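J.: Sequence first, then the predicted structure, then my questions.
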Amino acid sequence: MKTVLITGASTGFGRATASHFLSQGWNVVATMRDPSANTLPADDRLRVLELDVTDPDSIRDAVAAAGPIDVLVNNAGIGWLNAVEGTSLEMVRRIFETNTFGTIAMMQAVLPGMRERRSGVIVNVSSSATIRPLPLLSVYRASKAAVNALTEAAALELAEFGIRTRVILPGAAPSTSFGNSARAKIEANGGFPEAYAGFAQQTIAAMQASQSGPVTTAQDVAEAVFRAATDADCPMTLPAGADAVDWFEER
């Protein structure tokens, strides 16, 4: 029976992905910064481990406790919605530390074992915001675009070891905690710069209006991740959700 390790599995995409792999008979290692926040139902094939992808010691301990990992799903991430001018360098570093460097660190932690076994899959969850530019998502988009480039280039490095990498591009998902988390961070960091306030209000209103149409569900992402993990012939880049597919096809 194969084992998948999923980061950021306490809510949203990560939780849905863990549930989906369990439903398909996999062993699941669901990791999160605070295991007490776990809402996944008890299951003999489920282990919940503490993991902070920005902490090398936490990564080392979690990967060691997980044992051999067949599939790594890099889902942990933080959202951000503000203009470049309204984003402090401290916040930029926090975003990249989790979204980009955390992904790299997790890959580095599991790759030695995958190389030894000459098999494995790494699925990195990115964003459909990388498909085309959107205002107020510039820094967040940059952190996820780096994940796309990383995944594509790593595939060439790892193919000779029997290891595949794939990237998932979820669309807008208002049902997850991502948007609320991003808004909370904005408020905690002083809000939008005054010069951008009117533009930001109009942009957010337009984003909310667009969510009256097709949106991405957590289950959409879970199914895309599972396909990437199990279908060796699937594309390198998989949009998840009707809105993401539409964007992808419009490129």
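T.: That came through, no problem.
J.: Count the neighbours of the closest residue to residue 162 other than its chain neighbours for me.
T.: Excluding its sequence neighbours, the residue lying closest to residue 162 (CB to CB, 6 or more residues apart in numbering) is residue 118, at 4.2 Å. All C-beta spots, glycine's among them, are computed from the backbone N, C-alpha and C. Around residue 118 there are 10 other residues, counting by other CB atoms under 10 Å.
J.: The stretch 151-251 of the chain: strands as residue ranges?
T.: Along the stretch 151-251 of the chain, counting by DSSP state E, counting those that start in this stretch, strands occupy 163-170, 237-240.
J.: can you redo the ones you listed as a markdown table with distance to residue 44 and mean pLDDT?
T.: Formatted as a markdown table, the strands of the stretch 151-251 of the chain follow (distance: least, CB to CB, whole Å; pLDDT from 0 to 100):
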| stretch | distance to residue 44 | mean pLDDT |
| --- | --- | --- |
| strand 163-170 | 28 | 97 |
| strand 237-240 | 29 | 93 |
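J.: nearest to residue 197, of these?
T.: Smallest distance to residue 197 across those (CB to CB): 28.4 Å, for strand 163-170.
J.: which secondary structure elements does the closest one contact?
T.: On a contact count with 3 or more CB pairs under 8 Å, 6 or more residues apart in numbering; DSSP states H and E, strand 163-170 meets helix 102-117, strand 120-125, helix 138-158, helix 218-230, strand 237-240, helix 242-250.
J.: picking up where we left off before, of the strands of the stretch 151-251 of the chain, flag the one that's most buried.
T.: Ranked by mean neighbour count under mean count of other CB atoms under 10 Å, those are led by strand 163-170, which reaches a mean of 25.
J.: distance between it and the chain's centre?
T.: Computed by CA atoms, centre = their mean, to the nearest Å, the chain-centroid distance of strand 163-170 equals 10 Å.
J.: Figure out which of the helices and strands packed on strand 163-170 is closest to residue 4.
T.: When the helices and strands packed on strand 163-170 are compared by CB to CB, helix 218-230 sits nearest residue 4, at 6.7 Å.
J.: Now do the buried residues in the closest one.
T.: By 16 or more other CB atoms under 10 Å, the buried positions in helix 218-230 come out as 218, 219, 220, 221, 222, 223, 224, 225, 226, 227, 228, 229.
J.: Mind giving me the packing neighbours of that helix?
T.: helix 12-23, strand 71-74, strand 120-125, strand 163-170, strand 237-240.
J.: Distance to residue 3 for these - can I get that in JSON lines?
T.: Written out in JSON lines, the entries for the helices and strands packed on helix 218-230 read as follows (distance: least, CB to CB, whole Å):
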{"stretch": "helix 12-23", "distance to residue 3": "9"}
{"stretch": "strand 71-74", "distance to residue 3": "8"}
{"stretch": "strand 120-125", "distance to residue 3": "11"}
{"stretch": "strand 163-170", "distance to residue 3": "15"}
{"stretch": "strand 237-240", "distance to residue 3": "22"}
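J.: circling back to that earlier point, looking at the strands of the stretch 151-251 of the chain, which is closest to residue 68?
T.: strand 163-170 (13.5 Å).
J.: how far does stretch 86-106 sit from the chain's center?
T.: Relative to where its chain is centred, stretch 86-106 has its mean C-alpha point 13 Å off (CA atoms, centre = their mean).
J.: next one: stretch 162-170
T.: That offset, for stretch 162-170, works out to 11 Å (CA atoms, centre = their mean).
J.: hang on, isn't the residue nearest to residue 162 packed against residue 161?
T.: Yes: under the criterion of CB atoms under 8 Å, residue 118 lies in contact with residue 161, with a separation of 5.6 Å.
J.: quick one on the thing from earlier: adding distance to residue 144, write the strands of the stretch 151-251 of the chain out as TSV.
T.: What follows is the strands of the stretch 151-251 of the chain, written out as TSV (distance: least, CB to CB, whole Å):
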stretch	distance to residue 144
strand 163-170	9
strand 237-240	12
